[in-house]
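Chemist: This is the structure alone, sequence omitted:
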C-alpha cells in the first residue's frame, strides 16, 4: 500500500513537471480549456475513482488541460485554480463530466465578414432582452426564433443554435433544453479580433454594463496561470490567447444566474455569456 502511494505521488510529480514545461513559455503547445457540466466532480491523484481526492470542483468551474495524453481512455490531467485556497491544484478528471469551452461552430454559423471585422465599441443602445421564460419547450422557441441553423441532441439534452447580431457583435446563441425544457442559454462571440487586448476591453465594458443593471458581481475572478506578463498590461491579450489568463464575473438574479467568461487557448479566445435558470442549476448540461 505504501509503495503504491509513493508511486502515485511520483507519477503526479512527473506530470506536474511536464505541465510546468507546458506553461513555461508561449512558444510551446498551448492548453485546452474545459468547463464542469455536472453539479460536482472530483479531481483524483491518479486516473482512478478509488485514488485519493485532490479537490472537489463545482459546476461551471474552468479546468485547464495539462497533458494531451488520455489516461485509460477517458481521464485527462488538468489544472484547477481554487479561489478558496488561493492556489492552482492538479489532478485527473473524467472527460465525460466536462465540455470544451470552445464550441464546435458549424461553417454555416460563421459570419461572411468575420475575418474582416473592424473593431468598434460595444453598442449598448442595442440592449438585448432575453425573450423567453425558463422551462418553455423547444417548439415554442422555434416558433419565436424560427428554424435553427444547427440542432444537436444527446440523450435528454438538446441544443438549438442561431447566429445573431447583439450589441454590434456577431454571436452564436445556444438554447439548451433538458427533457424539452429550456434550462440555459449561451452567447459566444464569433468576431475575431487581431488585437487580443480588445477582448479584454469588451469584457470590462460588458461587466460594467451588467454591473450598472444588476449591481456588483457576486463572484469576480482574474486568474493568472503564468504571471510572466502580469505587470505588462499591453501583453495581457497575448497571455489571454495563450491560455494563461482568464476573467470571470457572475450575477445572481431572482430566477437567473448570469456569467461572463473570457479565456483562451491555442491563440484563440472564447468570450461568452451564459444565463441559467436557477431551478435548473443542479441538472447535467452539455
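Modeler: Yes, it's here. What you are looking at is a predicted structure, and each value in this text was computed from that prediction instead of being measured. Residues are numbered from 1 along each chain as shown.

Chemist: end to end, how far does stretch 232-250 reach?
Modeler: Its first and final residues considered, stretch 232-250 spans 26 Å by CA to CA, to the nearest Å.

Chemist: list the buried ones in it?
Modeler: Buried positions in stretch 232-250, judged by neighbour count with 16 or more other CB atoms under 10 Å: 235-250. Backbone N, C-alpha and C define where each C-beta goes, glycine included.

Chemist: Mind checking which of those land in strands?
Modeler: Mapping the buried residues of stretch 232-250 onto strands (DSSP state E) picks out 245, 246, 247, 248, 249, 250.

Chemist: Nearest to residue 217, out of those residues: which one, please.
Modeler: residue 249 (4.2 Å; CB to CB).

Chemist: need the contact list for the closest one.
Modeler: 207, 210, 217, 219, 220, 221, 259, 260 (CB atoms under 8 Å, 6 or more residues apart in numbering).

Chemist: for residue 243, same thing?
Modeler: Counting by CB under 8 Å, 6+ apart, residue 243 makes contact with 30, 31, 32, 33, 64, 225, 263, 264, 265, 266.

Chemist: Which two among these are spaced furthest apart?
Modeler: Largest separation among the contacts of residue 243 by CB to CB: 225 and 266, giving 14.4 Å.

Chemist: and the two? which has more neighbours close in?
Modeler: Neighbour totals were compared for residue 225 and residue 266, and residue 225 leads with 19 against 14 (other CB atoms under 10 Å).

Chemist: that older thread, format the contacts of residue 243 as TSV; extra columns: secondary structure.
Modeler: Converted to TSV, those look like this (DSSP: H, G, I helix; E, B strand; the rest coil):
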residue	secondary structure
30	coil
31	coil
32	coil
33	strand
64	strand
225	coil
263	strand
264	strand
265	strand
266	coil
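
Chemist: so which one among these has the lowest pLDDT?
Modeler: Within those, pLDDT reaches its minimum at residue 30, with 49.

Chemist: and residue 101, how far is that from residue 123?
Modeler: For residue 101, the distance to residue 123 equals 26 Å [CB to CB, to the nearest Å].

Chemist: Mind checking which of those two has more residues around it?
Modeler: Applying other CB under 10 Å to residue 101 and residue 123 shows that residue 101 carries more neighbours, namely 20 against 12.

Chemist: Can you get me a residue count around the nearest residue to residue 140 once chain neighbours are set aside?
Modeler: Nearest non-adjacent residue to residue 140, counting by CB to CB, 6 or more residues apart in numbering: residue 132, 7.8 Å away. Neighbours of residue 132 under the rule other CB under 10 Å: 15.

Chemist: Residue 132 and residue 143 touch, don't they?
Modeler: No. Under the criterion of CB atoms under 8 Å, residue 132 makes no contact with residue 143, lying 10.9 Å away.
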